[in-house]
Every structure is written in C-alpha cells, then in structure tokens.
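# the sequence and its predicted three-dimensional model are supplied below.
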Amino acid sequence: MPLKTSVFIATSLDGYISRKDGSIDWLNAANALVPPGEDCGYSAFMTPIDVCILGRNTYEQVLTFSEWPYGQRKVIVLSSQALQIPELLKATVSASSETPEALFAQLTCTRPYARIRGRRHHHSAFSASQADHGPDHHHHPNPAG
C-alpha cells in the first residue's frame, strides 16, 4: 500500500508561509482573531496521521511555540545538518538526511499516513506526486497575511 501524504499549511494571500526573515508574525496576528476553541480543522486533520515530516526550518520555528503541537506522534525532521533535539522530545523526534522521496519509500513499508510540513519538502512531495491532492489535502490561505 503506498504511503498516503497530506499537507496542512497556512499561507498568506501572496502565497508565502513566512516572511523572508523566517518570521510568522502575520500568522500569529491572524490566529489571534480565531475564536477560542476553534482549531480551523487541525485536530480532525491530525487524527489519522501516523508520522509528521518537517523541514529543519519548520522544526526550529515549532520549537519556539508555547506548546509542542504533535503530542506523542512520531516526527521526522529532514536536515542535512546535525540537529539538536530537546530531551523531552527525543522519544518521538528523529532526524533524517534522506531525500523526501527516499524517506517516503522507507515509510511506505511501516507507516500508512504521513503529514509533511516545510516549504521545500512539501514542494518536493508534490513534484514527486507523493502528496494527496484529494479531499484530505488542506491548504489554508490566510486572509490576514
């Protein structure tokens, strides 16, 4: 059974995930407008996910959040450089220097459903026709960006 992959990503109206300096202040401002308790479909999207694949920049950004958003889900960070993983996350977070395609091939044998985060890697998945383009594919343009 081929690996099913999906992408859940917020982008500004001009198509960017972050500013040139890596800042996501526009997203933080937009999130402040979301009513309490509303997660914009994130929980429902994450329910079937077995593993999250992040690029290094996304991983480093997520580490700055007040709460780790992946719970006890397995997370693989794609990076060609050494990666610092906090002690509290070592049970669920690992690093890989494989290409997205090689990692997908490996995961196909063990994990049925992966989620991809990170601009470069999510584009790699789409260009390799690995990411699901069907109804489970969530791409959320953010009007506040």
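Thanks, I have the structure now. Numbering: from 1, shown residues only.
# now the longest strand seen in the chain: average pLDDT?
Criterion DSSP state E: the longest strand present in the chain is strand 4-12. Regarding strand 4-12, the rounded mean pLDDT is 81.
# what's the next secondary structure element after it?
helix 25-31 (DSSP states H and E).
# in that following helix, what's buried?
Residues 26-27, 30 are the ones in helix 25-31 that count as buried (16 or more other CB atoms under 10 Å). C-betas here are computed from N, CA, C, even on glycine.
# same question for stretch 79-89.
Result for stretch 79-89 [16+ other CB under 10 Å]: buried residues 79, 83, 85.
# may I see those residues arranged in JSON lines, with distance to residue 15 and secondary structure as well?
Converted to JSON lines, these look like this (distance: CB to CB, whole Å; DSSP: H, G, I helix; E, B strand; the rest coil):
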{"residue": "79", "distance to residue 15": "24", "secondary structure": "coil"}
{"residue": "83", "distance to residue 15": "28", "secondary structure": "coil"}
{"residue": "85", "distance to residue 15": "31", "secondary structure": "coil"}
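# of the residues you listed, just say which sits nearest to residue 72.
residue 85 (14.8 Å; CB to CB).
# now that closest one. Nearest residue, chain neighbours left out?
residue 93 (5.0 Å; CB to CB, 6 or more residues apart in numbering).
# tell me which residues touch that neighbour, please.
Applying CB atoms under 8 Å, 6 or more residues apart in numbering to residue 93 gives the contacts 59, 75-77, 85.
# report the separation between it and residue 101.
Residue 93 sits 21 Å away from residue 101 when distances are taken as CB to CB, to the nearest Å.
# tell me where this structure has helices.
Along the chain, counting by DSSP state H, helices occupy 25-31, 42-46, 56-62, 100-108, 119-127.
# looking at the protein, which helix or strand is least sure?
In the chain, the helix or strand scored least confidently by mean pLDDT, DSSP states H and E is strand 138-142, which has a mean of 41.
# any stretches of this protein with poor pLDDT?
1-2, 111-145 (pLDDT under 70).
# if we go to 80?
1-5, 109-145 (pLDDT under 80).
# report the buried residues of stretch 50-57.
Quick answer for stretch 50-57 (16+ other CB under 10 Å): 51-57.
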